[in-house]
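[1] Please find the sequence and the predicted model below.
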Amino acid sequence: MTEHETQNLSASEALDRIETLYAAAVDNLREAVRRFIETGERPDPAARAEGVFAYPELRLSWYGDRPEDLAPRAYARLAKRGSYATTVTRPDLFRPYLTEQLNLLAAEYGAVFQVAPSKQEIPFPYVLDQLEIAPDRSLTASLARWFPTTDLANIGDEIADGLFDPAGDLPLSHFDGLRTDFSLARLRHYTGTPVDDVQSYVLFTNYNRYVDEFVRWAIEQLKTPGSPY
């Protein structure tokens, strides 16, 4: 167990710990960026190695028996015995979703959770919004050199595509913190709206059959008296 790891947590305790670690990492990264802009001070490599800019990691281990009366659903399921892990971003935004998922895993599998800083760092562009001073464009390359940034080589759909390393931890989610943050940034870019205010369900597809079905559904909703749309 690392110095910062907490073990055998309930779902609510794990989420509280995730929020604490995530808020601290964001504050650390934002403050380090501010100091770099103002004074040129570079972040401490040793501190980075300890996870001061890192996403929190959520882990659980399950080696029990599969519940016989498991509800027929496509989420909050463990496929096989082993150790599971994922990184988490924006726990404030996803807390209701995570609460439901983790409570089901605890109730049906007897899961307990561990939380610690991960090895995956938060890219600096994701913390600039609330920075009191805006970095000059000439600093972009320097920031990317000395701070974690959005390296597309590390952002992908390998887990969802089943291409993850089976010798490592099993994935606890289809998308890790880094991939989720990338998608949240795209939502903001495409809509011009903070992700907190974007509707819960967004259609993102280039398959005509899905778009056609959505258009038909939307038209019926608009024609229905009393529809919220």
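    Great, that's in hand.

[2] Quick check, pLDDT for the nearest residue to residue 169 once chain neighbours are set aside.
    Distance criterion C-beta to C-beta, 6 or more residues apart in numbering; nearest residue to residue 169, sequence neighbours excluded, is residue 85 at 4.1 Å. Where you see a C-beta, it was placed from the backbone N, CA and C, and this is true even at glycine. You'll see residue 85 listed with a pLDDT of 97.

[3] Contact partners for residue 85?
    57, 58, 59, 60, 169, 170, 171, 172 (C-beta atoms under 8 Å, 6 or more residues apart in numbering).

[4] Dump the C-alpha coordinates for the helix or strand harbouring it into PDB.
    Secondary structure from DSSP states H and E places residue 85 in strand 82-87. Taking Å, rounded to 0.1, in the frame of the first residue of the first chain, the C-alpha atoms of strand 82-87 are listed here in PDB:
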ATOM      1  CA  GLY A  82      -9.500 -10.500 -10.300                       C
ATOM      2  CA  SER A  83      -8.300  -7.000  -9.600                       C
ATOM      3  CA  TYR A  84     -10.100  -4.100 -11.300                       C
ATOM      4  CA  ALA A  85      -8.900  -0.500 -11.600                       C
ATOM      5  CA  THR A  86      -9.700   2.800 -13.400                       C
ATOM      6  CA  THR A  87      -8.900   6.500 -13.100                       C
END
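
[5] buried sites along that strand?
    Across strand 82-87, burial judged by 16 or more other C-beta atoms under 10 Å covers 84, 85, 86, 87.

[6] from memory the last one sits against residue 59, does it?
    No: no contact is recorded between residue 87 and residue 59 when judged using C-beta atoms under 8 Å, the distance being 10.2 Å.

[7] Show me what the residue nearest to residue 169 is bridged to.
    residue 59, residue 171 (DSSP bridges).
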